[in-house]
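Novice: mind looking at a prediction? Sequence and model below.
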Amino acid sequence: MTDVPLEIIKGMRGVREAFYLEGDILSKIKAEEDTVCSPGTGTEVLNLGLNEALKRDRIICIIKDPRFRPPPEPTVVLKCTDGQIMGVEVFPDTQDNYIGKDDCLMVSDGFVVFLNIVPTPGSGEQFIMPPVSFPELNESNGCKNVVSCSPAPTTDHMIREFRGLPDDARLASILVAYDEI
């Protein structure tokens, strides 16, 4: 019997490997993600995408190279604890929406900070990694409640070590989770 979701993902451009995550590695991934802070700033990182993925029936791990398609929406958002969005990941096709704008500062090729946001006094900041859609898996191929997420670099390294895969900076992992219909 063919595993349709796994075969769809394996057939995508830029996918080097795809496999299911099960058992002990999932609890190790969750424990690692709970310790993640932004390098250099110590800002808390909440991987809400991973939290949602862990609620699903199945989780596929993709090891991808740069040819893989960009995500359909931002995978990282900088939020004030009062709920205001202070910054967001941008992609080459969305950078023009922010470059040169007075109220935006491109802090890297892939992230913009909004200068007009004034946090409520006493509020903090968090990097949020939200659940992201993954349109290739849907009800037509036996999947519902589909979410994807990017694990932190330390978690990515842990997954590759678990699978005996090389630590190659040109590769990255994505988790795609779904409930079976």
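Specialist: Thanks, I have the structure now.

Novice: got the contact list for the longest strand seen in the chain?
Specialist: In the chain, taking DSSP state E as the definition, the longest strand is strand 172-180. Residues outside strand 172-180 that contact it (C-beta atoms under 8 Å, 6 or more residues apart in numbering) are 5, 9, 21, 49-50, 52-64, 68, 134, 137, 142-151, 155-156, 159-160. C-betas here are computed from N, CA, C, even on glycine.

Novice: among those residues, which lie within strands?
Specialist: Reading strands off those with DSSP E, I get 58-64, 143-149.

Novice: for whichever helix or strand I29 is part of, buried residues please.
Specialist: Element membership for I29, per DSSP states H and E: helix 24-33. The neighbour-count check on helix 24-33 (16 or more other C-beta atoms under 10 Å) flags I29, E32, E33 as buried.

Novice: nearest residue to D103 other than its sequence neighbours?
Specialist: Sequence neighbours aside, N116 is the residue nearest to D103 in space, at 4.3 Å (criterion: C-beta to C-beta, 6 or more residues apart in numbering).

Novice: element containing the residue lying closest to L48 once chain neighbours are set aside?
Specialist: Nearest residue to L48, sequence neighbours excluded (C-beta to C-beta, 6+ apart): P130, at 5.3 Å. Using DSSP H and E, P130 sits in no helix or strand.
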